[in-house]
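Novice: give the three-dimensional model of this entry:
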Amino acid sequence: MALTAVVLVPEIWGNGKTKDYPLWFWAGQQVLGGKDLYPSNPDATFDFIYPPLSAVLLAIPSYFGKIPLYLCLSLFNAVAWWMTAQFSHAMAGSGRIPGPWLFALPGFVTITFVFDMFDLGQPNLVLLAMMLFGFWLLQHERPWMAGSMFALATAIKVFPVAVFPYLIWRRQWATAASMVVFLVVFLFVLPAPFRGYQHNVSELKTWYRGMVGSSSEKGFGQRDEQNWSWVNQSIIAVTHRLTRPVNYNQDDPNKPPRTMNLADLSFKTANWIVLAISFLIGVGYLAVMPAAARVTRRSNAEELGILFCLMTVASPLARQYYFMWLFLPITVLIHRAAYDARAAVRAGTWAALAFAGGLMCLSFPVFPNDLQAWGNNLAAAAVITGGLVWHILHPPPDATTGVLSPTASELQPDTQLQPR
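Specialist: I've put the predicted structure just below:
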C-alpha cells in the first residue's frame, strides 16, 4: 500500500507522477488512437523503446485514464512481488517451508529494487514473476505453458530471450518450441487486430532497426547517454569502461567528464574482450552444470540461480533495478545458509550473502556514483554466482536425486523459526 501510494499520491494530489508512467499512458493512447509508436526513421530518438505488444497491453487500462493505469501497474507489481517470493522459496531445493522471518528476508534485502519498480514503473519485477512461473511450470511437466511464459516476458522486454540457449542445452525441446511459437503469436498475431497486420510488421521492423540493429562507439539501443555511463552495470558496459576512455558521467551533461579505463583499446577490441569474457563465463556455466542423470532438486535450484544471475548481467543495459532478478539466487543461498547440515557451510554462505549485500549497499545515494561505475552490483552478482557454484559442486552427502518438485508431504516446516 505504501509503495502504491508513492505512485498515486503525486498523480492525485501533486503535479503528476513522473518517471516512466506518463510514457506508458502515452503509448497506450497511441494504440487507442491508431497512431505510430516509433518515428519512421530508425535513426531518430524513440520515446517508446519496447516492442509493440507492450503498448497494446498498456492500451487496455489506459482507456480508463491515468489513475486506473497507474493503479493497475502498481497492483501488477504487488502481485508479482508476492508470487516471486512464493516461487523462489518453492523452487529453492531445500525441501523446507521457511518460517515467516526467513520467508521475508529475500524481499527485505531487495526492497530498494522493489521500490524502483514502483517508483519508475518498470516491468522487470513482473517479468521476473513470469520467468519463475515458467520454470515452475517446466518442473511440473507443463512445457508448452512454460514456453508461453518465457515468450511473453521476451515480447514485453527483450532480454529474457537469454533463457532460450539454456532450454536448448538442457534439451527442453517442447519448451523451446513453445517459446518460438508463442513469440510469433505475441509479436505478430496478437497485436494485428489492434494495429493492423502490415502496420504492426512495419513497426516491428522499425523497432528492430532502432533497438537491436544499432550499435556504435556512441552507444546502442536508443539510449546512448546511458549505455556507457555509471548507471549501466552490465558485463558489456563495465568492460568498455575499463578498456576504453569513455565518460561514465555522460548521462548528465552538467557533470565533468570522468573515465576509469585501465587500458586504451579500440571499440572493436573491447567488443572482442566482451565476447571472450562471455564465452568463458558460458563455458564455465556448462562445466558446473551436472549431467541430467545427476540433477537433484537442490542442484536444479542452484543451476537456475546462476542462470538468473547471468541473464541479469548479460543484458546490454543493466540498470540498478535489473538486479531485482537476483531475488531467486539470493533465496536459494538463504535456504543453504539456514538448512545445510554442515555448520561451516552455513556460516560461509551467510558470510557470502553479507558480502554481496554490502556491495549492493554501495548503490545508496550517500556513496559516490563512481562505485557503481566500477560495478558494485555486478560484483555482488559475481559473489552470489560464486556461492551457488560452490554449492552445486559440493552437495551434502545426503543429497537425493530426481528433478521433480517435492510434494507437500516432502516439504518440512521450519520449526526452528516458528514461535514455540
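
Novice: low-scoring pLDDT stretches of the stretch 151-300 of the chain, where are they?
Specialist: Applying pLDDT under 70 to the stretch 151-300 of the chain picks out residues 213-225.

Novice: would you mark the buried spots in the longest helix seen in the chain?
Specialist: Scanning the chain for the helix with the most residues, using DSSP state H, yields helix 66-90. Neighbour counts over helix 66-90 (16 or more other C-beta atoms under 10 Å) mark 66, 69-74, 76-78, 80-81, 83-85, 87-90 as buried. For glycine as for every other residue, the C-beta is placed from the backbone atoms N, C-alpha and C.

Novice: in the stretch 151-300 of the chain, which spans are strands?
Specialist: Shown for the stretch 151-300 of the chain, the strands assigned by DSSP state E, counting those that start in this stretch span residues 215-216, 219-220.

Novice: the stretch 301-420 of the chain too?
Specialist: Under DSSP E, counting those that start in this stretch, the stretch 301-420 of the chain gives strands at 412-413.

Novice: all helices for the stretch 301-420 of the chain, in order.
Specialist: Remark: helices assigned in the stretch 301-420 of the chain by DSSP state H, counting those that start in this stretch are 327-339, 343-361, 370-373, 376-393.

Novice: ranking those helices by burial, who's on top?
Specialist: helix 327-339 (a mean of 25; mean count of other C-beta atoms under 10 Å).

Novice: alpha carbons of it, as PDB, please.
Specialist: Taking Å, rounded to 0.1, in the frame of the first residue of the first chain, the C-alpha atoms of helix 327-339 are listed here in PDB:
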ATOM      1  CA  PHE A 327      15.800 -12.500  -5.800                       C
ATOM      2  CA  LEU A 328      15.900 -16.200  -6.700                       C
ATOM      3  CA  PRO A 329      19.700 -16.700  -6.400                       C
ATOM      4  CA  ILE A 330      19.600 -14.900  -3.000                       C
ATOM      5  CA  THR A 331      16.700 -17.000  -1.800                       C
ATOM      6  CA  VAL A 332      18.500 -20.200  -2.800                       C
ATOM      7  CA  LEU A 333      21.600 -19.200  -0.900                       C
ATOM      8  CA  ILE A 334      19.500 -18.200   2.100                       C
ATOM      9  CA  HIS A 335      18.000 -21.700   2.200                       C
ATOM     10  CA  ARG A 336      21.500 -23.100   2.000                       C
ATOM     11  CA  ALA A 337      22.600 -20.800   4.800                       C
ATOM     12  CA  ALA A 338      19.700 -21.800   7.000                       C
ATOM     13  CA  TYR A 339      19.300 -25.500   6.300                       C
END
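
Novice: columns mean pLDDT on top of the helices of the stretch 301-420 of the chain, output as CSV?
Specialist: CSV is the format used below for the helices of the stretch 301-420 of the chain (pLDDT from 0 to 100):
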stretch, mean pLDDT
helix 327-339, 97
helix 343-361, 97
helix 370-373, 94
helix 376-393, 97
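
Novice: dump these into a markdown table; add distance to residue 51 as well.
Specialist: Converted to a markdown table, the helices of the stretch 301-420 of the chain look like this (distance: least, C-beta to C-beta, whole Å):
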| stretch | distance to residue 51 |
| --- | --- |
| helix 327-339 | 24 |
| helix 343-361 | 30 |
| helix 370-373 | 28 |
| helix 376-393 | 26 |
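
Novice: nearest to residue 43 among those would be which one?
Specialist: helix 370-373 (28.2 Å; C-beta to C-beta).

Novice: mind giving me the packing neighbours of the closest one?
Specialist: In terms of contacts (3 or more C-beta pairs under 8 Å, 6 or more residues apart in numbering; DSSP states H and E), helix 370-373 is not packed against any helix or strand.

Novice: what does that helix contact?
Specialist: 229-231, 233, 241, 248, 258, 260, 320, 362-363 (C-beta atoms under 8 Å, 6 or more residues apart in numbering).

Novice: swap in 10 Å and give it another go.
Specialist: The contact list for helix 370-373 (C-beta atoms under 10 Å, 6 or more residues apart in numbering) reads 228-233, 237-238, 241-242, 248-249, 258-260, 319-320, 359, 361-364, 376-379.

Novice: cool, stretch 259-273 as well?
Specialist: So stretch 259-273 is in contact with 215-218, 230, 236, 238-249, 370, 373-374, going by C-beta under 10 Å, 6+ apart.

Novice: quick one, which of the residues you listed are buried?
Specialist: Applying 16+ other C-beta under 10 Å to these flags 230, 236, 238-244, 246-249, 373-374 as buried.

Novice: now the spatially most central residue of the chain: closest residue in space, sequence neighbours ignored.
Specialist: Central residue of the chain (C-alpha atoms, centre = their mean): residue 325, 4.2 Å from the mean position. What sits nearest to residue 325 in space, not counting adjacent residues and going by C-beta to C-beta, 6 or more residues apart in numbering, is residue 312, at 4.4 Å.

Novice: contact partners for residue 255?
Specialist: Here residue 255 is in contact with 229-230, 247-249, 369 (criterion: C-beta under 10 Å, 6+ apart).

Novice: and the two most separated of those residues?
Specialist: Pairwise across those, and taking C-beta to C-beta, the largest span is found between 247 and 369, at 12.4 Å.

Novice: who touches both of the two?
Specialist: Joint contacts of residue 247 and residue 369 (C-beta under 10 Å, 6+ apart) are 229-230, 255, 258.

Novice: which among the contacts of residue 255 gets closest to residue 108?
Specialist: Nearest to residue 108 among these, with distances taken as C-beta to C-beta, is residue 369, at 24.9 Å.

Novice: which intervals of the stretch 1-150 of the chain have sub-threshold pLDDT?
Specialist: 42.

Novice: what do you get if the cut-off is 80, keeping everything else the same?
Specialist: Applying pLDDT under 80 to the stretch 1-150 of the chain picks out residues 40-44.

Novice: would you state the helices of it in chain order?
Specialist: So, for the stretch 1-150 of the chain - with DSSP H, counting those that start in this stretch - the helices run 2-13, 21-32, 52-62, 66-90, 100-109, 111-120, 124-139, 143-156.

Novice: for those helices, which one sits closest to residue 295?
Specialist: helix 124-139 (11.0 Å).
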